[in-house]
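Trainee: sequence plus the predicted model coming up.
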Amino acid sequence: MMNLQIAQLLRKMAAAYLILNENRFKIIAYERAADSIEHLTSEVKDLWDDGKLDQIPGVGEAITKHLNDLFSTGKVRHFDEIMKKVPQAIFPLLLVPGIGPKKAYTLVKELKIKDDEDDVIAEIEFCAKTHQIAPIEGFGEKSEIDILEAIATYKKGQIKENRMELPVADAIAQDVILHLKKLASVEAVDILGSLRRQVATIGDIDIAVVTRKPAEVIEHFITFPHQRLIEQGPTGASLLLHNGRQVDLRIQKPDSYGAMLQYFTGSKNHNIKLRSYGLTLGKSLNEHGIKDVKTGSIRSFHTEEAFYRGLGLPWIPPELREDKGEVEASVVGKLPKLVEVGDIKGDLHLHSNYDLKPSHDLGADPLEVYLDKASALEYEYIGLSDHNPKISGQTSQQIVDIMKRRKEFYESHPRARDRQVKIFVMCEVDIRPDGKLALPEVAFEYVDAIIVAIHSNFTQPRKEMTKRVVAALSAHPKVRIFGHPTGRLLTKREGVELDWDKIFTICKERDIALEINAHPMRLDLPDTIVFDAVRENIKLCINTDSHAAQFMDLMRYGVSVARRGWCEKSDIVNTMEYTEFKKWLLK
DNA sequence: GCCGTTTTCGGCCCGACTGTTTTCAGTCG
């Protein structure tokens, strides 16, 4: 059973307990454990194998015992007992927006929906159409209409289950911002929520506005083209756009804007932790300001910095706000000084259009275009990391010759002695299924350094995959970077299973850097593993993997991943100036 | 059910919106 399924199981339990009127904190505890497991970097099963379940936040004695049951017998007896007490027909209904456990239970009970009903949602839809729902206590005519609307949206698949990549979310947010800015009473607009925190994929878009005329701004906002107005109130509104994406707007007056920014940026868990901390100081936090619990007086804050200062804390960068220890660190003044885009001195993973009969895509631009772009970005160096030549249909000797000619080409290039931007002749080499590298040993003479990466057989079991990667990382001293380590493609392909402790060990032994691939489809290493790597003092290298020079601008997404992983400048090798970096790369 | 700079017991973030209600429950973020 994978983490997502375990999280779903725990959420089902939370829903069941809610219906059974269990202690509400027990329900919160189950939901918290589910959240925690869903966002884990390693498989719960692997942690269980290693006897490390107690490392999962929110998982205590009781849930550990249930997970023990699950992994040793395939089921949890206690859960099965509880599940017998609630109708199973409620669970499909929880997928319909606006229907939670309580409503689902009432509907199933009152409408006598059987557990073996094939399509519970269709059955409820029929009941709504035939006006069987309005008479139920707690429901009414409007509920019937709302349920039909929600089911229609659900059935059309208009609510996108899959999340957006960052540039897609950025584009939508910019459209909405442009629309809002047409109104003179909009004094400032900010992107908040997960997009501001630069989470790898985005669900909803959250936008905040400062204004002295809230009603006018909200009326204007809902004229943005949409398929459904989800809700509207005096402090905000939510729209479902034609592309299936939701945009939430929140409004605040200038003098309380700081509290609003903080509240609406999240994450939920960061806010919970911050509010708990506030309570220890006798302060209760909300989106309007900080309330003194004793006197009931509320202080408001114009800026977010002032809001945090109101708690005696330094401002916490949005990328850190995931309840990974940032509140505790800020209390003792130990927040990291995060790496910035301006710290980056070079991009080492670039694909040029030099045709070396590569195993994968050739780049689109020649060396000089990359050099010009690097120069514009004020880089000191770049690495040409074309894919290795195909190994099928070519002899080793042919490959060696290609690599030799390529090196000569770059070295004799008119721009080879570029004054500003230095060149490293590198290569991105496939890690073959058996852990061997897809480049003949002799050819290593014609490169400065190697990025190794997985491009095939992504589904090997964890043990085998780990062995494969460790072999590749140990294959040759010129192996310096492990490229897009998990191989994930966001919203499309899961990353590979690796024993990260072992990977970290070999990286440390050989001083190899893990790549943070900045391509918005990859963002690989994932930030959660970057966080673990930083704690183990593993070096990282942020690259764009550009197949055309224009994509070198995507570096900022990689830097965001690094920041979310608590990286300081010193954790990132390509923040080193040229001489120092050269020493590291060619050691 | 979880957790600890106030605690191994006694707390547990906070509020908006909606519909069905005459003061609140459910859902959501």
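Mentor: Arrived safely.

Trainee: can you map out the helices along the stretch 151-300 of chain A?
Mentor: Per DSSP state H, counting those that start in this stretch, the stretch 151-300 of chain A has helices spanning A:166-181, A:193-197, A:214-221, A:257-265, A:268-280. These are given in chain order.

Trainee: what is the mean pLDDT for the longest one?
Mentor: This points to helix A:166-181. Averaging pLDDT along helix A:166-181 gives 96.

Trainee: elements contacting it?
Mentor: Counting contacts by 3 or more C-beta pairs under 8 Å, 6 or more residues apart in numbering; DSSP states H and E, helix A:166-181 is packed against strand A:186-192, helix A:193-197, strand A:201-202, strand A:205-211, helix A:214-221, strand A:246-252. C-beta: built from backbone N, CA, C; applies to glycine.

Trainee: just the third one next, same as before
Mentor: Helix A:214-221 makes packing contacts with helix A:166-181, strand A:205-211, strand A:236-240, strand A:246-252 when contacts are defined by 3+ C-beta pairs under 8 Å, 6+ apart.

Trainee: sorry, back to before: kindly reformat the helices of the stretch 151-300 of chain A as a markdown table and extend each row with mean neighbour count and distance to DNA strand B.
Mentor: Listed next are those as a markdown table, based on neighbours: other C-beta atoms under 10 Å; distance: least, C-beta to the nearest atom of the strand, whole Å:
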| stretch | mean neighbour count | distance to DNA strand B |
| --- | --- | --- |
| helix A:166-181 | 16 | 14 |
| helix A:193-197 | 22 | 7 |
| helix A:214-221 | 18 | 8 |
| helix A:257-265 | 25 | 8 |
| helix A:268-280 | 16 | 4 |
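
Trainee: which parts of stretch A:490-509 are buried?
Mentor: Buried residues in stretch A:490-509, counting neighbours by 16 or more other C-beta atoms under 10 Å, are found at A:Leu490, A:Gly495, A:Val496, A:Glu497, A:Leu498, A:Asp499, A:Trp500, A:Ile503, A:Phe504, A:Ile506, A:Cys507.

Trainee: assumed the fifth one was part of a helix.
Mentor: No: counting by DSSP: H, G, I helix; E, B strand; the rest coil, A:Leu498 is not part of a helix but coil.

Trainee: can you map out the helices along the stretch 1-150 of chain A?
Mentor: Going by DSSP H, counting those that start in this stretch, the stretch 1-150 of chain A shows helices at A:3-19, A:24-38, A:44-49, A:61-73, A:77-83, A:90-93, A:101-110, A:120-129, A:141-155.

Trainee: put the alpha carbons of the shortest one into PDB.
Mentor: Listed in PDB are the C-alpha atoms of helix A:90-93, where the atom choice follows Å, rounded to 0.1, in the frame of the first residue of the first chain:
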ATOM      1  CA  ILE A  90     -21.200   7.700   2.000                       C
ATOM      2  CA  PHE A  91     -17.600   7.600   0.700                       C
ATOM      3  CA  PRO A  92     -18.200   8.200  -3.100                       C
ATOM      4  CA  LEU A  93     -20.300  11.200  -2.100                       C
END
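
Trainee: got the contact list for it?
Mentor: A:12, A:15, A:19, A:99, A:101, A:103-105, A:107-108, A:119-121, A:124 (C-beta atoms under 8 Å, 6 or more residues apart in numbering).

Trainee: just the closest of those to DNA strand B, please.
Mentor: A:Lys103 (3.3 Å; C-beta to the nearest atom of the strand).

Trainee: what's the neighbour count on that closest one?
Mentor: Around A:Lys103 there are 19 other residues, counting by other C-beta atoms under 10 Å.

Trainee: contact partners for it?
Mentor: A:Lys103 makes contacts with A:Leu93, A:Gly138, as judged by C-beta under 8 Å, 6+ apart.

Trainee: go on, A:Tyr379?
Mentor: A:Ile344, A:Lys345, A:Gly346, A:Asp347, A:Val421.

Trainee: distance of whatever residue of the stretch 151-300 of chain A ends up closest to DNA strand B relative to A:Arg250?
Mentor: Per C-beta to the nearest atom of the strand, A:Gly233 is where the stretch 151-300 of chain A lies closest to DNA strand B, at 2.0 Å. To A:Arg250, A:Gly233 is 10 Å away according to C-beta to C-beta, to the nearest Å.

Trainee: more neighbours: which of those two?
Mentor: The residue with more neighbours, out of A:Gly233 and A:Arg250, is A:Arg250; 23 against 11, by other C-beta under 10 Å.

Trainee: quick revisit: any chance of a markdown table for the contacts of helix A:90-93, columns distance to DNA strand B and pLDDT?
Mentor: Formatted as a markdown table, these follow (distance: C-beta to the nearest atom of the strand, whole Å; pLDDT from 0 to 100):
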| residue | distance to DNA strand B | pLDDT |
| --- | --- | --- |
| A:Lys12 | 14 | 95 |
| A:Ala15 | 8 | 95 |
| A:Ile19 | 9 | 94 |
| A:Ile99 | 5 | 94 |
| A:Pro101 | 5 | 95 |
| A:Lys103 | 3 | 95 |
| A:Ala104 | 6 | 95 |
| A:Tyr105 | 8 | 95 |
| A:Leu107 | 9 | 95 |
| A:Val108 | 11 | 95 |
| A:Asp119 | 20 | 91 |
| A:Val120 | 14 | 94 |
| A:Ile121 | 14 | 93 |
| A:Ile124 | 13 | 95 |
